[in-house]
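# For reference, the sequence and a predicted model appear below.
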Amino acid sequence: MYYLALLIGPQQERTPDEAALELTDYLNFHAKAASAIRTGDALYPEADSVRITGGPDAPVITDGPFAEGAEVANGYYVLEADNLDDAIALARDIPEAKRGAVEVWPLVDCSQEFGGQGPTGWLALLLEPRERAYVPGSAEWEAVAAQHGVFGEKASGHIKIAGPLHPPSTATTVRVRDGEVLLTDGPYIEGSEIANGFYVLATEDRDTAIELAAQIPASAVHLRQLTGVSGL
């Protein structure tokens with residue numbers, strides 16, 4: 001199975017020594033978990049993000065920042081594991097788990113072109129009201145999936161990864177404090193919206209990424225540029 005590991009933590013300036021140490025930690029994680037990591041990357045600061053609401057027919061585009069709290073998404077991985085326990089075991093070794101948290105979300109399915117994210121990569125996280133966290137296979141879920149199929153045909157040349165998420169009740173938040181692993185069921189980010197899927201888009205520029213994300217059939221899309229630092 002595939003799992004989305006969303007890295008949540010504080011945004012803060014780092015000294016060159018701190019940045020070098022963090023990079024070493026991530027390189028060590030990549031070496032240890034190489035067989036399970038399918039892709040992943042860090043995200044540019046949340047202040048540079050874009051939020052798109054209103055749906056494809058009347059999109060409203062707003063520049064960030066949006067986060068009200070001290071912690072935001074800083075990166076992501078797509079992990080392959082036999083089961084949730086194995087995915088959690090991988091997540092607890094992600095350096096972000098020691099200073100923030102890692103949300104582990106089971107993917108319903110995952111279409112992908114792993115091995116590079118194109119000229120410029122963008123993570124489009126899809127958000128919905130909690131009451132629209134439809135159960136996979138239900139009539140409501142299938143209707144939304146059909147809309148994504150139409151979008152997929154329009155944007156096929158730009159979609160590197162696409163993955164719907166299981167409902168938030170299946171998510172697990174992983175934190176490591178003083179060597180102890182702390183697990184919490186359900187989503188980490190509080191509020192009226194929940195994540196229910198994501199795309200990784202490859203475009204030549206920011207305007208094209210926004211234009212594509214505005215066509216995604218979702219109540220809201222949070223668009224974040226990938227740094228490309230991981231090389232995955």
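Okay, I see it.
# Could you check how many residues crowd around the closest residue to residue 150 other than its chain neighbours?
Of all residues not flanking residue 150 in the chain, residue 217 sits nearest, at 7.9 Å (Cβ to Cβ, 6 or more residues apart in numbering). All C-beta atoms are positioned from the backbone trio N, CA, C, and that covers glycine. Using other Cβ atoms under 10 Å as the criterion, residue 217 is surrounded by 18 other residues.
# how deep is residue 134 tucked in, by neighbour count?
For residue 134, the tally of surrounding residues (other Cβ under 10 Å) stands at 18.
# same check, this time on residue 160
Residues lying near residue 160 (other Cβ under 10 Å) number 20.
# counting residues per helix, which one in this structure is longest?
With residue count as the measure and DSSP state H as the assignment, the chain has helix 16-33 as its longest helix.
# Okay, now the sheet partners of the least confident helix or strand in the chain by mean pLDDT, with direction.
Scoring the helices and strands of the chain by mean pLDDT, DSSP states H and E places strand 111-112 at the bottom, with a mean of 78. Strand 111-112 has its sheet partners listed here by DSSP bridges as strand 159-164 (antiparallel).
# continuing past the strand it pairs with, what's the next helix or strand?
Downstream of strand 159-164, the first helix or strand assigned by DSSP states H and E is strand 172-177.
# could you give me the average pLDDT of the following helix or strand past that next one?
On the C-terminal side of strand 172-177, the nearest following helix or strand under DSSP H and E is strand 180-185. The predicted model gives strand 180-185 an average pLDDT of 93.
# Need the contact partners of strand 180-185.
Under the criterion Cβ atoms under 8 Å, 6 or more residues apart in numbering, residues 88, 92, 169, 171, 172, 173, 174, 175, 176 lie in contact with strand 180-185.
# can you give me how far that strand is from the chain middle?
What separates the centre of strand 180-185 from the centre of its chain is 20 Å, taken as Cα atoms, centre = their mean, to the nearest Å.
# for stretch 142-160, same thing?
In terms of Cα atoms, centre = their mean, the centre of stretch 142-160 is found 18 Å from the chain centre.
# List the buried residues in it.
Using 16 or more other Cβ atoms under 10 Å as the test for burial, stretch 142-160 gives 144, 145, 148, 151, 155, 158, 159, 160.
# Look up the closest residue to the last one, ignoring the ones flanking it.
Translated: residue 160. Setting aside the residues directly before and after it, residue 160 is nearest to residue 200 in space (Cβ to Cβ, 6+ apart), at 4.6 Å.
# Bridged to that neighbour, which residues?
Using DSSP bridges, the beta-bridge partners of residue 200 come out as residue 123, residue 161.
# Count the residues that sit near it.
The number of residues packed around residue 200, counting by other Cβ under 10 Å, is 25.
# That one touches residue 38, doesn't it?
No - using Cβ atoms under 8 Å, residue 200 is not in contact with residue 38, being 11.1 Å away.
# how far is the host helix or strand of residue 126 from where the chain is centred?
In the assignment (DSSP H and E), residue 126 maps to strand 120-129. Going by Cα atoms, centre = their mean, the spacing between the C-alpha centre of strand 120-129 and its chain's C-alpha centre is 7 Å.
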